[in-house]
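# Using only what follows, build the 3D model:
(2 chains)
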Amino acid sequence: MADNTFTLITGRSGAQGTGISWGKEGEGYREAVQLVELNPADMECLGLQEGDAVRLISRYGATEALCRPGNLPTGLAFMAFGPVANQLTGAETRASGMPDTRGFEVRLEPVLNRRGVDKR
Amino acid sequence: MQIEAAICAFCGCLCDDIVLTIESDRIVQAKNACALGKAWYTAHSRPPDLPAARVDGKSVEVEEAIEAAAILLTKARYPILYGLSSTSCEAQRHAVALAEALGGCIDCCTSVCHGPSGMAVQGFGEPTCTLGEVKNRADLVIYWGSNPAESHPRHMSRYAVTSKGRLTPNGRKNRTVVLVDVRSTPSSRFADLLLTVRPGMDFEILWALRALVLGRKVEPAGLAETGITLAQLTHLAELMKNCRYGVLFAGQGLTQSAGNQMNLSAAILLARDLNQFTKFAIIPMRGHGNVTGVDQVLTWQTGYPFGVNFSRGYPRFNPGEFTMVDVLRRKEADAVLSVASDPAASLPAEAVQRLTEVPLIAIDTHESETTRLARVSFMASTVGIRASGTAYRMDNVPLFLKQALTSIYPSDEEILGRLLERVRELKA
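Below you'll find the model as predicted:
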């Protein structure tokens, strides 16, 4: 991780998958898609605790999410598919039809004095 | 009442051993279903609480909404139909005919999940097999860029890892399981060999694997950026060459990462190479219940699996030109019909912006971000719960899903059939 820059990958999570059926306005889905998982060492480096709000900025857009530790290599961030991560993904498909959905750079900034739901 | 051997259509596994318990026209238990399937059955059997059709937010008769939708679509110069991954092949067939009648585009969720797999198959063929063959024969199973424990929770137990088959009588003990991913996931604990690769390096690794399988020399320095050592890759190449029956399940980690269709092309060529030494197949891990079916229907009707345009009166295929994200990003679409999909919640924000600017018609089984945005919206009955229809499993095996509950809503097939009829009348 250099200059708070991470590689973001998106994908399915269990809670996001069940939330699709129950409705995307449901609390379970909204919580699942608003999380960003980081390596615990990266969180410590940034002074972040689980549930802290962070701002993510990509070349395509910006959004806010709540961080939690995950089993990822340092420098990698993971978010579940959904409207929050979609603020960061790019619509350029380079003649493939597939947008930039994972494996692109995001800058991460702690949002001071704001915490989400503490899951500890 | 109980229904045996029901088929869950949430994901591409299409598990056909579900036992439903029904009380007062509600599914109260879905035995054998995974967490995703249980949520799907339970949520979709809730009593309907929305009007069958709405225009500008007001409840109307279905016929009135059909008329409004038909007028919006026939007035458009460049309409696009999109979605179709969670509905029946019978409905998908009507959608293709509707796109043709309108002279518009038709694209499906494939373009943002396994479209690159389809493009690779067009280029290099598909060394494939059924999940039944995997269950009965496979002694080497590789998940690449896939987390089946969360995306397809019964894939490993029903088909690929712990399932016992004719030539795999001891199930898990008869198989070697390899996971290749950029991170550790809940699936990792099932792996005998776990390879953590750097994001965006899949193509390089697959290409080096091809070289090793074919006995060519690979320089260790060439792998320096991949996160994998030559020793690890050599070990994997030997496992692949020496297995009796190998299968590579390709996940969206391959299709959505840098390289896209080139990653899948490399994986297919690797599987082809391996067939010089053993039997080896590749199967894309298809997500939605009938996203494989929409590729089938589009292909048998137009020759192409997604991203098809009819504006010249005959089908043309060009990913990047006729695909949903591109048509929205370039602001070409002037009307959108979304079927059994939620593009407003699943596409990049820049593409979603266009959905707010043009007439949007949505057909879905429940309220979604897209139905909320839509000028005309229909509630449809869920295929496999409140409607019947055909779906294709991820290995291209078709299965017929039977209706389990009554429905006050028409099916996607009925709505699209009536819309097609009205559009043809207006165009005549």
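# okay, CA-based contacts and neighbour counts for the rest of this
Fine.
# Spell out which residues of chain A are next to chain B.
Within chain A, the positions adjacent to chain B are A:7, A:12-14, A:17-19, A:21-24, A:71-73, A:81-83, A:86-103 by C-alpha under 8 Å from any C-alpha of the partner chain.
# Among these, name the ones in strands.
In strands, judged by DSSP state E, the following of the residues of chain A next to chain B are found: A:T7.
# what's the pLDDT at B:S338?
If you check B:S338, the pLDDT there is 98.
# Touching, it and B:S86? I think so.
No. Counting by C-alpha atoms under 8 Å, B:S338 does not reach B:S86; the two are 11.5 Å apart.
# okay, now the domains of chain B?
B:49-113+B:289-427, B:115-284 (automatic domain parsing).
# right, and these - which one's nearest B:T42?
domain B:49-113+B:289-427 (9.9 Å; C-alpha to C-alpha).
# Make a ChimeraX selection of the buried ones in the residues of chain A next to chain B.
In ChimeraX, this line selects whichever of those come out buried by 16 or more other C-alpha atoms under 10 Å in any protein chain shown:
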select /A:7,12,13,14,17,18,19,21,22,23,24,72,73,81,82,83,86,87,88,89,90,91,92,93,96,97,98,99,100,101,102,103
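# now, which of the residues of chain A next to chain B lie within helices?
Under the assignment DSSP state H, those contribute A:G14, A:G17, A:T18, A:G19, A:S21, A:W22 to helices.
# give me the residue from chain A nearest chain B.
Nearest residue of chain A to chain B: A:A95, at 3.8 Å (C-alpha to the nearest C-alpha).
# my guess is that residue meets B:T323, correct?
No. Here A:A95 lies out of contact with B:T323, judged by C-alpha under 8 Å, at a distance of 9.2 Å.
# Output the below-cut-off pLDDT ranges for the chain.
Went with chain A since none was named. By pLDDT under 70, the low-scoring segments of chain A are A:1-2, A:113-120.
# Around the closest residue to chain A within the stretch 201-350 of chain B, how many other residues sit close by?
Distances between the stretch 201-350 of chain B and chain A by C-alpha to the nearest C-alpha are smallest at B:G320, namely 3.8 Å. Number of residues near B:G320 (other C-alpha atoms under 10 Å in any protein chain shown) recorded here: 20.
# Kindly report the same for B:S24.
B:S24 sits with 8 neighbouring residues when counted by other C-alpha under 10 Å.
# can you check the one 5 residues further on too?
Other residues near B:Q29 come to 17 when the count uses other C-alpha under 10 Å.
# So the closest residue to it other than its chain neighbours versus chain A, what's the distance?
Once flanking residues are discounted, B:Q29 sits nearest to B:T21: 5.1 Å by C-alpha to C-alpha, 6 or more residues apart in numbering or on different chains. Between B:T21 and chain A the distance is 19 Å, computed by C-alpha to the nearest C-alpha, to the nearest Å.
# Would you quantify the distance from A:Q34 to B:Q2?
Per C-alpha to C-alpha, to the nearest Å, A:Q34 is found 38 Å from B:Q2.
# Which one's more surrounded, these two?
A:Q34 (22 against 14).
# Can you pull the phi/psi pair for the nearest residue to that one once chain neighbours are set aside?
Among residues not flanking A:Q34 along the chain, A:A65 sits closest, at 5.0 Å (C-alpha to C-alpha, 6+ apart). Main-chain torsions, A:A65, degrees, to the nearest 10: phi -150, psi 170.
# thinking again about what came up before, and the residue of chain A closest to chain B, what is it in contact with?
A:A95 is in contact with B:N318, B:P319, B:G320, B:E321, counting by C-alpha atoms under 8 Å, 6 or more residues apart in numbering or on different chains.
# for the closest residue to the first one other than its chain neighbours, what are its contacts?
Sequence neighbours aside, B:G307 is the residue nearest to B:N318 in space, at 6.3 Å (criterion: C-alpha to C-alpha, 6+ apart). Contacts for B:G307 (C-alpha under 8 Å, 6+ apart) come out as A:97, B:105-108, B:111, B:317-319, B:321-324.
# In strands, which of those fall?
Per DSSP E, the contacts of B:G307 map to strands at B:C105, B:I106, B:D107, B:C108, B:F317.
# quick one: which two of those are the most distant?
Maximum distance among the ones in strands among the contacts of B:G307 (C-alpha to C-alpha): 12.7 Å, for B:C108 and B:F317.
# The two: which has the busier surroundings?
Just comparing B:C108 and B:F317: by other C-alpha under 10 Å the higher neighbour count belongs to B:C108, 28 against 20.
# Contact partners for the more buried one?
B:L81, B:Y82, B:G83, B:L84, B:S85, B:V291, B:V294, B:D295, B:F306, B:G307, B:M324.
# May I see the buried residues of the lengthiest helix in chain B?
Longest helix of chain B, by residue count under DSSP H: helix B:412-427. Neighbour-count burial for helix B:412-427 flags B:412-424 (criterion: 16+ other C-alpha under 10 Å).
# if we can go back for a sec, and B:S338 and B:S86? Which one has more around it.
Set B:S338 next to B:S86 and count neighbours by other C-alpha under 10 Å: B:S86 wins out with 29 against 25.
# got a list of what the more buried one touches?
Contact partners of B:S86, counting by C-alpha under 8 Å, 6+ apart, are B:A9, B:F10, B:H288, B:G289, B:N290, B:V291, B:A340, B:S341, B:V383.
# Give me the distance between the residue nearest to B:E332 when sequence neighbours are not counted and B:V134.
Of all residues not flanking B:E332 in the chain, B:Y78 sits nearest, at 6.8 Å (C-alpha to C-alpha, 6+ apart). According to C-alpha to C-alpha, B:Y78 and B:V134 sit 44 Å apart.
# So which of the two has more stuff around it?
Higher neighbour count among B:Y78 and B:V134: B:V134, with 23 against 20, using other C-alpha under 10 Å.
# So that one is in contact with B:Y159, correct?
Yes. Between B:V134 and B:Y159 there is a contact at 6.3 Å, judged by C-alpha under 8 Å.
# quick one, what contacts A:T89?
A:T89 neighbours (C-alpha under 8 Å, 6+ apart): A:S58, A:Y60, A:G61, A:P99, A:D100, A:T101, A:R102, B:P348, B:A349.
# if you set the cut-off to 6 Å instead, what comes out?
A:D100, A:T101, B:P348 (C-alpha atoms under 6 Å, 6 or more residues apart in numbering or on different chains).
# Also A:C67?
A:L35, A:V36, A:E37, A:E50, A:G51, A:D52.
# If you rank those by neighbours, which is first?
The most crowded member of the contacts of A:C67, judged by other C-alpha under 10 Å, is A:V36 (25 neighbours).
# Tell me what it is bridged to.
Taking DSSP bridges as the rule, A:V36 bridges to A:C67, A:M79.
# from what I can see it touches A:M79, true?
Yes. Contact criterion C-alpha atoms under 6 Å: A:V36 and A:M79 qualify, at 4.9 Å.
# that older thread, hmm, who's touching the longest helix of chain B?
By C-alpha under 6 Å, 6+ apart, helix B:412-427 touches B:I66, B:A70, B:A91, B:H94, B:L98, B:A380.
# From B:G115, how far off is the most far-flung residue of chain A relative to its centre?
Centroid-distance maximum for chain A: A:A95 at 26.4 Å, with C-alpha atoms, centre = their mean. Computed as C-alpha to C-alpha, the A:A95 to B:G115 distance reads 11 Å.
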